[in-house]
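Visitor: Provided below for reference: sequence and predicted model.
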Protein chains: 2
Amino acid sequence: MPINTSALGATSEPRQRSWTSTDALLYALGVGAGMEDPTGFELQFTTENSRGIDQRVLPTMGVVLQASGLPLGQLGKVNLAMMLHGEQGITLHREIPVEGTLESTSTITGIWDKTKGAVVDTEATTVLVGSGEPLFTTRASLFFRGEGGWGGDRGPSVAVDIPDSTPDIEIAYRTRSDQALLYRLNGDRNPLHSDPQFAADGGFPKPILHGLCTYGFTGRALLHGLCDSNPSQFGSMDARFTSPVMPGETLTVRMWRTDQGALFRTHGSDNRVVLDAGRFSAA
Amino acid sequence: MPINTSALGATSEPRQRSWTSTDALLYALGVGAGMEDPTGFELQFTTENSRGIDQRVLPTMGVVLQASGLPLGQLGKVNLAMMLHGEQGITLHREIPVEGTLESTSTITGIWDKTKGAVVDTEATTVLVGSGEPLFTTRASLFFRGEGGWGGDRGPSVAVDIPDSTPDIEIAYRTRSDQALLYRLNGDRNPLHSDPQFAADGGFPKPILHGLCTYGFTGRALLHGLCDSNPSQFGSMDARFTSPVMPGETLTVRMWRTDQGALFRTHGSDNRVVLDAGRFSAA
């Protein structure tokens, strides 16, 4: 059954959530902050009471704080088990506070026919409850295998020319074999990331890392490499998921400076590309 | 000013707390569960939705779940900065549920004059709210430097004869350099375990691991070595803290079987004893 293309423009009900300082510490540890050297600069993300250091929040935490369910029910009877996370983006409108309450609203911004499947683009706007101040905008592209072929528009293809040259900055982070067990406490309890049997049924030799965990490690590298470790300098980050990552792999983030920010790519332990077409803008 | 020995027998107001499945997962990860091999048997402590595996709680979680403040106010004006955690014990009356609400009451059970300081023994009983069913009893001995010398009783000395022979069971666990950053999310946010400046002021080269984290790693070793990884076989565990542990050290737990359970000792990376006089009883 083809996807219901009239769902284009559908919007979710606004949804709220609150978060605490402890949630922010847990997120930071989940994407590897503090792992290399607990005496280093990451204490601002991993502790709330170090002398002379105010706690701050890693910018990519927005992708887990975002509160709205996607309005996917509007798409018709699609098989969510056939859904892949294609791209993820976030634009920060201000630094994320250490605690607070936010409200998110999602919209389906594109439905494209890729023949072998359909791509559904969504965008969520998130504001701080009370002030109504814009906090961040998140973008996700979802690929639904087997749902294409209705003769629709293929949509624009984003061409991102990652240079062949030596990167301006390269940062490598080791993930741990138990990384997904910790990262999942941020909310995504899909057993694909923890249960070996479930992962085997999906054709994986062992549970895979959350794509958004790889995204968070990459965001940390951009923050330290391009923003002087200062979240208020972090503007936006978009990238495409191209390969599953196994917990324990080393992630190497390569960055090439541009006028507005940088292009980047993240590689796994065997140097394959796991996050491609990366675009970063400074705030 | 001497310690107020009439505080003997003083009891705290009962205090309640609730905990969730997520709290139990976080505790397990904090004491290293799942770190060595996420496909191994520790999924019962680190996940709540692995197929065919019911989540269970590590027995030593009782020492962080225990809800009552110690009735230390009764001791007079003692300097809490001079307090050291001397011994810790726990007796499980039943397996700890994955979530629930408990109530604890603490009593000062001993005040002893060690000349250079005072030892205060406390015991807390914890029951499940609702049923009133006994859950666990915890014991802590606290050493107050500089508070002794009033000519009081030195108290009994517990002689534990750890054998010289080769241990029956030996289990080694690596702690991580960021272990304390994760463990502290269980509740003890003392910056001695995370802030390098604060630790330096206390005379430590870097932040030290929580004693109760070492205790939790040790309890995991006892559980896997002596209880077939089954919390319902875990009866009680007592031990004495003898040396600070630095995050990143490997902890080696040596166990000698006895009629009722085992004697044990935990060693740090350089083989010094960090937890001594260990006594374990099966349930």
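Guide: All right, it came through fine.
Visitor: low-confidence ranges in chain A?
Guide: Scanning chain A for pLDDT under 70 picks out A:1-2, A:37-40.
Visitor: The same query, at a cut-off of 80, please.
Guide: Filtered on pLDDT under 80, chain A yields the residue ranges A:1-2, A:36-41, A:69-73, A:78-82, A:158.
Visitor: and it, which residues reach chain B?
Guide: Near chain B, the residues belonging to chain A are A:22, A:25-26, A:29, A:34-39, A:43, A:46-52, A:176-178, A:180-182, A:185, A:189, A:191, A:194-198, A:206-207, A:247 when assessed by C-beta under 8 Å from any C-beta of the partner chain. (Glycine included, C-beta is placed from N, CA and C.)
Visitor: which of these are buried?
Guide: Buried members of the residues of chain A next to chain B, scored by 16 or more other C-beta atoms under 10 Å in any protein chain shown, are A:22, A:25-26, A:29, A:34-35, A:38-39, A:43, A:46-48, A:50, A:176-178, A:180-182, A:185, A:191, A:194-196, A:198, A:207, A:247.
Visitor: Sort out for me which of those residues are in helices.
Guide: Judged by DSSP state H, these include A:22, A:25-26, A:29, A:43, A:46, A:180-182, A:196, A:198 as members of helices.
Visitor: Show me where the stretch 101-250 of chain A has its helices.
Guide: Here the stretch 101-250 of chain A has its helices, by DSSP state H, counting those that start in this stretch, at A:179-183, A:196-201, A:211-226.
Visitor: circling back to that earlier point, widest-spaced pair of the ones in helices among the buried ones among the residues of chain A next to chain B?
Guide: Using C-beta to C-beta, these span at most 36.1 Å, a distance reached by A:43 and A:198.
Visitor: Name the nearest residue to the residue lying farthest from the centre of chain A, ignoring sequence neighbours.
Guide: In chain A, counting by C-alpha atoms, centre = their mean, residue A:51 sits farthest out from the average C-alpha position, at 31.1 Å. Among residues not flanking residue A:51 along the chain, residue B:197 sits closest, at 5.1 Å (C-beta to C-beta, 6 or more residues apart in numbering or on different chains).
Visitor: which residues does that neighbour contact?
Guide: Shown in contact with residue B:197 (C-beta atoms under 8 Å, 6 or more residues apart in numbering or on different chains): A:50-52.
Visitor: which one of the residues you listed is nearest residue A:72?
Guide: Among the contacts of residue B:197, and counting by C-beta to C-beta, the member closest to residue A:72 is residue A:50, at 41.8 Å.
Visitor: Once you drop chain neighbours, what's closest to the residue of the stretch 1-150 of chain A found nearest chain B?
Guide: Here the stretch 1-150 of chain A gets closest to chain B at one residue, residue A:50, 4.1 Å apart by C-beta to the nearest C-beta. For residue A:50, ignoring the flanking residues on the chain, the nearest one in space by C-beta to C-beta, 6+ apart is residue B:195 at 4.1 Å.
Visitor: Let me know how buried residue A:242 is, in neighbour terms.
Guide: Residues near residue A:242, counting by other C-beta atoms under 10 Å in any protein chain shown, number 15.
Visitor: Can you tell me how far it is from residue A:214?
Guide: Shown here: residue A:242 relative to residue A:214, a distance of 10 Å by C-beta to C-beta, to the nearest Å.
Visitor: any common contacting residues for those two?
Guide: Common neighbours of residue A:242 and residue A:214, using C-beta under 8 Å, 6+ apart, are A:274-275.
Visitor: need the contact list for residue A:173.
Guide: Residues in contact with residue A:173 (C-beta under 8 Å, 6+ apart) are A:32, A:35-36, A:217, A:220-221, A:250-251, A:253.
Visitor: PyMOL command to pick out the buried ones of those?
Guide: Applying 16+ other C-beta under 10 Å to the contacts of residue A:173 leaves a buried subset, and the PyMOL line that selects it is:
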select buried, chain A and resi 32+35+217+220+221+251+253
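Visitor: Tell me the one of the contacts of residue A:173 nearest residue B:225?
Guide: In terms of C-beta to C-beta, no member of the contacts of residue A:173 lies closer to residue B:225 than residue A:35, at 28.2 Å.
Visitor: measure that closest one to residue B:60 for me?
Guide: Residue A:35 sits at a distance of 24 Å from residue B:60 (criterion: C-beta to C-beta).
Visitor: now the strands for the stretch 101-250 of chain A?
Guide: Remark: strands assigned in the stretch 101-250 of chain A by DSSP state E, counting those that start in this stretch are A:117-128, A:134-145, A:169-174, A:234-241, A:250-257.
Visitor: now the ones you listed in CSV, with distance to residue A:105?
Guide: CSV is the format used below for the strands of the stretch 101-250 of chain A (distance: least, C-beta to C-beta, whole Å):
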stretch, distance to residue A:105
strand A:117-128, 6
strand A:134-145, 11
strand A:169-174, 33
strand A:234-241, 19
strand A:250-257, 31
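Visitor: For residue A:75, find the nearest of those strands.
Guide: strand A:117-128 (6.7 Å).
Visitor: just checking, what packs against the closest one?
Guide: For strand A:117-128, the contact count by 3 or more C-beta pairs under 8 Å, 6 or more residues apart in numbering or on different chains; DSSP states H and E identifies strand A:100-113, strand A:134-145 as packing neighbours.
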